[in-house]
Structures are given as structure tokens and as C-alpha cells.
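In: coords please:
(6 chains)
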6 protein chains.
Amino acid sequence: MAAAMIGRFQPFHLGHLELVRQVLNENDEIVILIGSSQINYTLKNPFTAGERVWMIRDTLIESKIDMSKVYLINATDDENNAKWFSNIRSLSPPFNVLYTGNNFIRTLLKKESVLIKDPKLFKESLLKGSMIRKLILENNVKWEELVSKSVRTIFREIDAVERIRNIYQTWMDSPFSEPKN
Amino acid sequence: MAAAMIGRFQPFHLGHLELVRQVLNENDEIVILIGSSQINYTLKNPFTAGERVWMIRDTLIESKIDMSKVYLINATDDENNAKWFSNIRSLSPPFNVLYTGNNFIRTLLKKESVLIKDPKLFKESLLKGSMIRKLILENNVKWEELVSKSVRTIFREIDAVERIRNIYQTWMDSPFSEPKN
Amino acid sequence: MAAAMIGRFQPFHLGHLELVRQVLNENDEIVILIGSSQINYTLKNPFTAGERVWMIRDTLIESKIDMSKVYLINATDDENNAKWFSNIRSLSPPFNVLYTGNNFIRTLLKKESVLIKDPKLFKESLLKGSMIRKLILENNVKWEELVSKSVRTIFREIDAVERIRNIYQTWMDSPFSEPKN
Amino acid sequence: MAAAMIGRFQPFHLGHLELVRQVLNENDEIVILIGSSQINYTLKNPFTAGERVWMIRDTLIESKIDMSKVYLINATDDENNAKWFSNIRSLSPPFNVLYTGNNFIRTLLKKESVLIKDPKLFKESLLKGSMIRKLILENNVKWEELVSKSVRTIFREIDAVERIRNIYQTWMDSPFSEPKN
Amino acid sequence: MAAAMIGRFQPFHLGHLELVRQVLNENDEIVILIGSSQINYTLKNPFTAGERVWMIRDTLIESKIDMSKVYLINATDDENNAKWFSNIRSLSPPFNVLYTGNNFIRTLLKKESVLIKDPKLFKESLLKGSMIRKLILENNVKWEELVSKSVRTIFREIDAVERIRNIYQTWMDSPFSEPKN
Amino acid sequence: MAAAMIGRFQPFHLGHLELVRQVLNENDEIVILIGSSQINYTLKNPFTAGERVWMIRDTLIESKIDMSKVYLINATDDENNAKWFSNIRSLSPPFNVLYTGNNFIRTLLKKESVLIKDPKLFKESLLKGSMIRKLILENNVKWEELVSKSVRTIFREIDAVERIRNIYQTWMDSPFSEPKN
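Out: Residues are numbered from 1 along each chain as shown, chains lettered A, B, ... in the order given. Here you go, the predicted structure:
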């Protein structure tokens, strides 16, 4: 059966990749749910859903993951969190296990018919997308070691570093404002 | 005629109850408008609209309020505040008085055909939902004295304290992020 | 425990009232879900959610139903029907039975944790809101016998007959168009 | 004071122009509300809001209307018609008169603080956008006499005739479908 | 480079499969855009996006398509068709060719930086999802020959035939109504 | 040809006016895009789109700008910034230049077919709406010198100063909350 993992993947990093491996070791197939897929070009969500799909898929192929076992699913969300899971159910092929260490998601899914499993703990799992975005803003190249070669390539192709800085700079200039406005 | 009061009721507390009594003393019927009804499982809005309806109604019955005089109305909102009141008008039976001490709502309704009345001031009216959520996060059991027995019962049934903490904890872990993402 | 019934109640009629009685005979409480609550002033949905709440509540009080056993809940919908039920769950207090004779809803709720029960069959249950709107358009006063005295009173107060005809007339004038445009 | 007129202007035609003249004769300024502004590339709404603004403005300038007396306002709508007018109020500068012969709009605005006035009747006022779109589909060039020179020019620039036919043809091919899908 | 094809895939059939083969013969990768992904349980769109992903993927694997060359992308739409393509761009990895025989889409994309190519004509390309849904409603088992073995298997697992009939029946019962209401 | 400028105009000030003059000096026509047009009565966006249209137009007329060269366009936005520009394209008449000094917008429009030009630098261009709202909150009347006479007149007519303070005060009272709730 299929098992799922959920993230915003801003960007997809080596901790995410480790979890993909764990899930595929323990299950037949994996559904990778790309959360907040409708948001992009913001501080927390600099990349479009399409760019995130691209980074994930190139990383999995680079890592010799068998793509016939992988579903990538864009998952929108809104402020009615109580219907979040049934929205995801409508967008995704069936799965009966969800890997997450996030207590909020556990709380949300308390009554849903899905088994929650914990990701194993390893160094990379402490990684967070926010950490990578912060390193980039601080001009600290260490972020490059935290993502795959494919992600670095796509970053160059889409000028990701410049984009993250421009979003941040506009936000700094107008502290009362969301970026665009 | 009917008069209305508006709140998010996160959760419904004894200050709200006192205002219900005041409104029913001064009017034939009350419309209780449950604001931001589309939002839930967030720091400010931990409870679903349905849970809020449930807490309000059980508290009113516990308090011997005559339910044939009470309308409970879920009221959505969005960022176009200028159409907020006409949205509420479309969702609610007619009322010609609105009780509110909130200056923003007074500003918003300046041109609307509704009479704004002030809630009387009593100790409980200083209560705020945010205060109760804060006490819970600080493990201070005083919150229990600020809500009805019915609310405490429902809190246990839905693990409300754990939910509020899990939402908060996830938020603390990722300061740049909204809870879920 | 509570049981639910669902309808658009355009308008609430005597068949609906009979079902309310049946549900309350067989259960402690009833949740009346007012579907498509965000739609109004259209051919199929001439009344606002607030007007529908008003008609239902006045009819129940006229019929000596104990209002402390009744929840009236506005329920929005959208074109992602697969998340319809979880949206309703988020807007309503808990219920574990749903009365419906509609096969589509049965199909939709196949995997949901709710018991579906059939409404008993009696003459009034053949009633449909569409039938009443049709009689009104044909100037046939028989519609008055199919709704409660309270509904007739509210119809006069809001000029419901004129509204239904105006919506229809505008629609007839522009066969390629939705009413307003 | 300003007076308003409302239409979808698919496309703006000589009947619309006559009404603009009437409104400006009787009032200081005119607010032209472009309805269903969020819809485009459909049978009923082939043109974007921007294209409609463009056609209206070029026609008014061609007709020597003083543009310092004219507001063009994009007005979205949704299926909650009861809040339609307050949405328009939020998008438009103030006006206290609305010219419309549409009974549905009269019904909708019954309780709003706006004076409804009838357009004068003249031959062109029998014109409808649907008539023009129908002539185009029937290859009947008479439509050209029903719109301004500016509209004809813009039609050529955006290949409007081909667009209307392509939308229609796709719709004919899939009778159960909305155009795109 | 990648090329895209777009459809609603209600359901995915052998004509779609042939186009996938053509696209992969002529390009490195294929992006399969699943249109109207937010709609389900309607006459035209009986299946959820997730079910459609499932049917497509199982069919491609059954057909020995190399999954490392395939992207499946859920693509929402709304009534502002003029922004449809840029929404898809935001949800999808980059592609520079789109295969479509649909004139409406050609019209819509006139100014977009994408090359439109025609699908080759073969018998299966005359297939339409609407045809398959019609055969099912007429109890004509010929539909089974028009889809893959995988689709037939999934149809049994989700009771697809019963679902299509229930949706249709409810629609027939209330000709003025959308299915659910 | 037409050139565009974009802003939220909360409120329209003398820096904006200078840019209008520059754009009209260098181009035939100007499209003034009013961003976040769906938001109002918030800290960052106290004014409705309609009020903003009103202030801009009265200021331009006061400043002897030829209104036959000016388009005012309400432009909604949402959190999918990647489709922001195509939304604007659908709402606006065509333009081929956009004046903006905002790096975020430059990033966003990298691949769009529009020429980005820098506003000239002059003292007024350092003005920001946020600065004016801050002066008002601090009771500093200097804000009056930063806007046109028309804007001051409209401010009095709509009690703008009181509105800004009431929104702020409600926000200060409930630091965890958005204004209304």
C-alpha cells in the first residue's frame, strides 16, 4: 500500500530525501504531498508548486529512486484546517499511512482513518526549509550542502538566491506590508 | 424585535454569557453571530464553528436561557471588510440592533441601517478569549472559572487544552510559519 | 445523540417539517443543515440563508417543536464535493446519523463515519421546493397549502412571490445568461 | 452627484452609449460598472474586463464624451447576490442613482440606499450583447452597425470574431461541457 | 525538453494513452495536466483529481511507459480563463510545447510563449470521456474496451459505474438543480 | 502606447502624483493599477478600492491632468503571486511598459513581456503610504502636506483620520488578532 509524507518543500532538502527513502523502505509506494501549493513568491514560500515538483523529481531521479513508486501531488490549503485532510484525500490517490513528526497535524487528524507514523530521527531530519532560506539571506554558502545537486542546478536556472533576497528586501523596506504591496 | 451580538467565541466565556442576558433583557430575541466561522485550528481560532455552536448552545441551556429566543449564526468573513455586514445580513434573520463595544465595528457600520448599542460594563466583560487561551498555555487552571461547566465538559471531550498547546508548540517551533505549514 | 437532515429549503415546506418530527421522534436532537447557504437570488435559490433560517425557526416554533433540541446550521458548498462532508463537520456540532433519501449523498458519504437513514415515506415527502417555486410562477395558489403559516407570513414580509417572478422574468429575457448579468 | 449604470458590456454597443449620454445629461458624473469582471473567454462573456474597459473608453472618446466625468469600474460578482451591491459600493466611488431597467436588480436593491431610475426607451436600448454575439455566430455582418467604430477596430486587433466562434465551436463539440473543459 | 498535454480525464481512456505515446516519441518528457482538478462528483466530472491521477499512473505503468519521464499535475481552473495558463505555469515544471486539438485553448494561448502542436489523428483520438460516461449510463459494456485494464480495476474498486449512475439519477430527478442540492 | 504604474495608494500622495506626471511625459497614456483592491478597513489598507479611485481621480483633475489619457484599474491579488501579472493583464487595457522601483515586482515579472522602467528619483518619491498612516497615528499634521487638497477633502468626508485610529486601536487592544476579529 501507499504511504504519504507532507511538506512545503521550500526547498526540498536532504532531510526530506532521507524521509522518502525511509517511507519507500517500509511501504510499496509513496505519495509526496506538496503543501500550500497555491502560495509562491513570499518569504515562507518563495517557490511555485511547479518549481517544487521539479526540484523533488530531479532529486529523486538523481538519487536513483524508482519513479514508478512515487506520486507527487500539489495540495492546496485554506484557513478551514478542519477540511484540510479531506481536501488532500480528494487530490491524492489512496494512502493509509502518513509520516509526520508534527504535533499539529497529529491533532488535526485525530479522527481521520489514517495511521500516523514518526519519521526516524537522523541528523538531516533536523533540517528545515526556513534554515536554508536564512543561510541564503546571510550569504552563508553552507546551504548548498543541505540540498541535492539537482536543487542547486535548478536554483541557478531560476535565480533562486536572487529571488529570495529580493522578496526579503522588499519586505524589510515596508515592515507593515506583505511583500508585493 | 431581534438584536445581535458578534464574537469569535474562542471560546465562549462568562462575559459573553452576561451579554446574552443583557441583550435578552432589552430585546425579544437574540442573534448570536459567530465570526470567522471558516477559520479553525489556528492560534487565534482553535475551535471550529461547529464546536463553537455546540459550546454556546450547551451553555445557554445550562443557564436556563429560552432557546426559542436565540439564533446561532455562523458568519464567514474575508479581507473585503466593507462587505462584511451585508454578508452577515444575508446569513442571518433580520435584526435592528447590534451590541458591540468595538470601535472598529462602529467605524465599519457607520452608514449601515443598524443601531449600535454598548454592552454594559461588568467584571466579566473584561474577559477575552485570548486571555483564556493564554492561561491554558501557561498551565494556569484559572481559565476554568471563566467558562461555563458545559464548556469545560466539551473541552474534555475534544481535548481542547491539548489542541491549543499543540497548535502553539508547532507555531513556536517555526517562527516564520503559520501553524500547519 | 444528534441526527442531521440536509436541504436547501427553498422554501422550507410541510414535507421538511414532517421529517423534522420523524428525526426528533427517533433521536435526542436534530441538526438541520441549510445547504448552498452562500447562494441566493437565483432561480433555484431565491432565498438567502438568513431568510431560510428565519422560515425554519418560525415554523418549528409554530409547530411546538422544542427549540432546545434543534440546531440550525448554514452550510456552504463548492464544486469539490469530495470535501463537502468534512466542511459540514467543521460547521456543525457532532451528529452520527444523517437522514436522506438522496442517492447522490449516499454515494458521496460511502466512506464517512455517519449512519445514513431513510426518511419515512408519506405524502408530504414528495414535496419539493422546485414544485412550490413552479406553482408560484404559474400563479397557482396551491403552494400556500404546502408551507406553514409562518412561511406564508414571511413570504409577504419579504415580497417572496414578486422576487421569484422577477428572478424568473429576467432569466427568461436573456436565455443565455445567469439572472443578474 | 454621480449616477451609475451597470452592464457586462459583451461587447459595449450603441444602446449602452445612448444610456451614457442620458445619464450624463441628467447628472454631473457617471460611474460605469463593468459586471462579471472576473469572467472571460466564455460564451456569455467572451471579453476580459480589460478589453471591455478599452472598448468603452475608446468609444466614449470617439463620441466626444468628457472623460473627466466618467469612472470605469471593474465589478466582480459571486453567487451570494445579496452582498453584490455592497461589493460594488466598496469598489466604486459614491453614487446615489442607478439607471437600470432590470427587474432583478430592482428586487435585489429594494432595501439599499440608492435611487433606481429607468433608462429612456429608444430603438438602440433594445440592443443586447447576446444579439451581437448571435449575429457574429451567424456570419451576419449587421453586428457592425450596432457598435462604435472603436469597438470594430479593437475587434480586429484582438480577433474577436474568431474568438467568439472558437469558444462556440468548442462548446458545440462537447454539449455536456463548459467551454474549456 | 518537456511537452505537455491537458485533459480532464473523466476517465483516462485509450485515446489519451495514444497521445501520451506520441508526445513521448517526440519529446524527452511529458507533463500531463489534469484540468478542473478541484471539481468532482458531478455529471461531467465524476472522479476526484486523486482518482484521476491513480487511473493515469496505473495505466502508464501497465503500458510500460517510463515513469521517470512523466509529470502528473493537478491543475485547478476558475472562470477567469485569461489567467488559466499562468496558473498552470505556476503549478507545473517548465514545458515549451503543448499538444491540443482544441480551438478554444489555441485562442486562449495566442499570446503565450508556448508552441501548440496537433495530436496525430487515429481512431482512438475520437474518443471522449463524455462518450464513455454515456455508454455507462446506457448500460452499454462497450466502454470497457475504451479504457485500460487498470482503469477497469479501479472502476470496480471505487464503484465508478454506480457513482456515475447515482449522480445522473439525482440530476434527472431535479432538472432545475445541480446534483447535490 | 500606454504605460502602467502600480500601487496600493493607501492613500494616493504627492509622490504618486509626480510619477503620474513622469509617465505621461514619456508615454501616450497611463494605466494606474490599484493593487490589493479587494482589501479594506485594515491597518495597511484602510481605504476601499472605490475610495482610492475617488482620491486619485479628484487629485488628477485638480492637477489638470488630461483624463482622456488615464485608466484607473482595480486589481485584485491573492497568494499565488505567480499568476498576479496575468490577472492584471485580464483586468487592464494593454500596456507595454511598467514603472516600478520595487525589486520584488521585477523578480516576479522576469519572464513577462513587459518593459520595466525605473521611476525618476525626486524627494516626493521617498514618500510611502505607510509614512502617512504613521503620521496620522502620531497626531502629526505634517501628513496634510504630503497629499493633495482633494485627498484632504475626501479624508474629511469619510472621516479617514478617525477610521485609521479606530482600526489601529482595535488592533492594539488585541495583539494576537487581526483587526475585526
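In: give the contact list for the residue nearest the centre of chain A.
Out: Centroid check for chain A by C-alpha atoms, centre = their mean gives residue A:9 as the closest residue, at 2.0 Å. Residue A:9 makes contact with A:16, A:34, A:47, A:52, A:55-56, A:129 under the criterion C-beta atoms under 8 Å, 6 or more residues apart in numbering or on different chains. Where C-beta positions appear, they are placed from N, C-alpha and C, glycine not excepted.
In: Kindly recompute the last result at 10 Å.
Out: Neighbour list for residue A:9: A:16, A:32-37, A:45, A:47, A:49, A:51-53, A:55-56, A:59, A:72, A:129, A:151 [criterion: C-beta atoms under 10 Å, 6 or more residues apart in numbering or on different chains].
In: what pLDDT does it get?
Out: pLDDT, the model's per-residue confidence, is 96 for residue A:9.
In: where's it, which helix or strand?
Out: Counting by DSSP states H and E, no helix or strand carries residue A:9.
In: Next: residue A:45.
Out: For residue A:45, there is no enclosing helix or strand under DSSP H and E.
In: Residue A:72 now?
Out: Secondary structure here is read from DSSP H and E; on that basis residue A:72 sits in strand A:70-74.
In: residue ranges with poor pLDDT in chain A?
Out: Counting by pLDDT under 70, the ranges of chain A that qualify are A:121-126, A:171-181.
In: And the strands in it, which stretches?
Out: Remark: strands assigned in chain A by DSSP state E are A:2-7, A:29-34, A:70-74, A:97-99, A:115-117.
In: For chain F, tell me whether the second one is touching it.
Out: No: contact check for strand A:29-34 against chain F, using C-beta under 10 Å from any C-beta of the partner chain: none in range, with a minimum separation of 13.7 Å.
In: Could you export that strand as PDB, CA atoms only?
Out: The C-alpha coordinates for strand A:29-34 follow below in PDB (Å, rounded to 0.1, in the frame of the first residue of the first chain):
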ATOM      1  CA  GLU A  29       4.600   3.400  -2.800                       C
ATOM      2  CA  ILE A  30       5.000   7.000  -1.600                       C
ATOM      3  CA  VAL A  31       2.700  10.000  -2.000                       C
ATOM      4  CA  ILE A  32       4.600  13.200  -1.600                       C
ATOM      5  CA  LEU A  33       2.100  15.900  -0.700                       C
ATOM      6  CA  ILE A  34       3.300  19.400  -1.600                       C
END
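In: Any figure for the gap between the residue nearest to the centre of chain A and chain D?
Out: Using C-beta to the nearest C-beta, to the nearest Å, residue A:9 is found at 29 Å from chain D.
In: Next one: that residue from chain E, what distance?
Out: 13 Å.
In: just to revisit the earlier point, wait, does the strand holding residue A:72 contact chain F?
Out: No: legend: contact between strand A:70-74 and chain F by C-beta under 10 Å from any C-beta is lacking; minimum distance shown is 11.5 Å.
In: close to chain C, is that strand?
Out: No: using C-beta under 10 Å from any C-beta, strand A:70-74 stays clear of chain C, coming no nearer than 13.9 Å.
In: now for that strand, which elements pack on it?
Out: When contacts are defined as 3 or more C-beta pairs under 10 Å, 6 or more residues apart in numbering or on different chains; DSSP states H and E, strand A:70-74 sits against strand A:2-7, helix A:14-26, strand A:29-34, helix A:49-62, helix A:84-91, helix E:49-62, strand E:70-74.
In: Excluding chain neighbours, what is closest to residue A:104?
Out: residue B:170 (3.8 Å; C-beta to C-beta, 6 or more residues apart in numbering or on different chains).
In: circling back: can you redo the helices and strands packed on strand A:70-74 as a markdown table, where the extra columns are mean neighbour count and distance to residue A:114?
Out: Putting these into a markdown table (neighbours: other C-beta atoms under 10 Å in any protein chain shown; distance: least, C-beta to C-beta, whole Å) gives the following:
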| stretch | mean neighbour count | distance to residue A:114 |
| --- | --- | --- |
| strand A:2-7 | 22 | 8 |
| helix A:14-26 | 18 | 14 |
| strand A:29-34 | 23 | 11 |
| helix A:49-62 | 24 | 22 |
| helix A:84-91 | 23 | 8 |
| helix E:49-62 | 24 | 14 |
| strand E:70-74 | 24 | 20 |
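In: Chain A against chain C: which residues are in contact?
Out: Within chain A, the residues that sit near chain C (C-beta under 10 Å from any C-beta) are A:76, A:80-91, A:111-113.
In: Just give me the closest of those to residue A:103.
Out: Ranked by distance to residue A:103 (C-beta to C-beta), these are led by residue A:81 at 13.6 Å.
In: who are the neighbours in contact with that closest one?
Out: For residue A:81, the contacting residues are A:104-105, A:107-108, B:39-42, B:45-46, B:48, B:167, B:178-180, C:90, taking C-beta under 10 Å, 6+ apart as the criterion.
In: Counting neighbours, what do you get for the closest residue to it other than its chain neighbours?
Out: Taking C-beta to C-beta, 6+ apart, and ignoring the residues beside it in sequence, residue A:81 has residue B:41 as its nearest neighbour in space, at 3.7 Å. Other residues within reach of residue B:41 by the criterion other C-beta atoms under 10 Å in any protein chain shown amount to 23.
In: give the contact list for the nearest residue to residue A:162 once chain neighbours are set aside.
Out: For residue A:162, ignoring the flanking residues on the chain, the nearest one in space by C-beta to C-beta, 6+ apart is residue F:107 at 7.0 Å. For residue F:107, the residues meeting the contact criterion (C-beta under 10 Å, 6+ apart) are A:41, A:46, A:159, A:162-167, A:169-170, A:179, F:81.
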